[in-house]
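A.B. asks: everything below, folded, please.
(chains A and B)
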Amino acid sequence: MVEYRLDCLGEACPVPLLKTQKKMAELQVGDILVVEVDHSCAMKNVPEWARKEGYNVEIEETGDGEWDIYIEKTK
Amino acid sequence: METKTVVTNRAAVRPRKKRRNQLPFAIVVFLGVIYVAYLLAGKSAGLAISWIFGICFGVVLQKSRFCFTAGFRDPILTGSTSLTKAVIIAVAIATVGFGAVQYAAASKGGAIAGSISPAGWHVAIGSIMFGIGMVISGGCASGTLMRVGEGFVMQWITLFFFVLGTLWGVRHWAFWQRVFFDGAPRVHLPSVLGWPLAITLQLVVLGALYIVADKWGNRQKD
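C.D. replies: Residues are numbered from 1 along each chain as shown, chains lettered A, B, ... in the order given. Model prediction:
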């Protein structure tokens, strides 16, 4: 199990989502990707896409208007 | 709608910054909003209503994460159509609402309210250009304004150039008017088809789009 961090601070959507999609493809099953975002739109579409893919998702607010999205590659 | 999932074995959350309590700011801004409304009401009631309505609209946009851009972009990018369906519902509600307002005005013999724009190829070309621009810049007009308010600095740049582009367009308005708009027909469907047929037709088309969007959103990934 490896935890990767993806810095998407300051990126407007859809860039965080595109980066997440690319990065997730490189991960092994069981790895976790932490996407750091500060764009409210990415807060919606990144978890939505990941849940659609069937991955486990958690969101934590780490600062005012900054979030970590935890995505576990389950398959 | 969203299922809660748990990520196992993840590290504990480390807050990067000390969080400030935003409640005092909220109270100050709220009082400021009321004060501005009071000042505007002194000039004209319409201005004050527009101000309050605009603020409410912004709150709804921000809280709902409503985004016209995502409504058109996400079906292709992520396969998600939740915002597409929201846009379709919004247009359906507006159809009924504007229909009522226009019908009320027209049945009294008044002019038909609302902006009935000339239709033609220029709309399709302009829409595609706007679509490319809004996806790259991260927002359409409403989304950009909402994120400017959220403090997302990149969209401040978007807003600056949005205003610049609009002013540029206005500067050459006479040219566009002469070449494209004057020759294009202005179609108001109820005036052509009659009210019941026009409203029904529009709602049926929107309903069909909704069903297509719903099917697209629920389709299994292969």
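A.B. asks: can you give me the strands in the chain?
C.D. replies: Using chain A here. Here chain A has its strands, by DSSP state E, at A:3-7, A:32-37, A:56-63, A:66-72.
A.B. asks: among those strands, which comes closest to residue B:210?
C.D. replies: With C-beta to C-beta as the criterion, residue B:210 lies closest to strand A:56-63 of the strands of chain A, at 26.6 Å. Using the backbone N, CA and C atoms, a C-beta is placed for each residue, glycine as well.
A.B. asks: that closest one vs strand A:32-37, what angle?
C.D. replies: Relative orientation of strand A:56-63 versus strand A:32-37 (axes from the mean of the first three to the mean of the last three C-alpha atoms, to 10 degrees): 40 degrees.
A.B. asks: how about residue B:202, secondary structure?
C.D. replies: Classification of residue B:202 by DSSP: H, G, I helix; E, B strand; the rest coil places it in helix.
A.B. asks: touching, it and residue B:188? I think so.
C.D. replies: No. Using C-beta atoms under 8 Å, residue B:202 is not in contact with residue B:188, being 11.9 Å away.
A.B. asks: on that earlier part again, okay, the strands of chain A in JSON lines with mean pLDDT next?
C.D. replies: Putting those into JSON lines (pLDDT from 0 to 100) gives the following:
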{"stretch": "strand A:3-7", "mean pLDDT": "86"}
{"stretch": "strand A:32-37", "mean pLDDT": "90"}
{"stretch": "strand A:56-63", "mean pLDDT": "86"}
{"stretch": "strand A:66-72", "mean pLDDT": "88"}
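A.B. asks: mind putting the ones you listed into a markdown table with distance to chain B?
C.D. replies: A markdown table is the format used below for those (distance: least, C-beta to the nearest C-beta, whole Å):
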| stretch | distance to chain B |
| --- | --- |
| strand A:3-7 | 6 |
| strand A:32-37 | 5 |
| strand A:56-63 | 4 |
| strand A:66-72 | 4 |
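A.B. asks: returning to that earlier point: higher neighbour count, residue B:202 and residue B:188?
C.D. replies: When residue B:202 is set against residue B:188 and neighbours are counted by other C-beta atoms under 10 Å in any protein chain shown, the residue ahead is residue B:202, at 18 against 13.
A.B. asks: tell me the spacing between that one and chain A.
C.D. replies: 28 Å (C-beta to the nearest C-beta, to the nearest Å).
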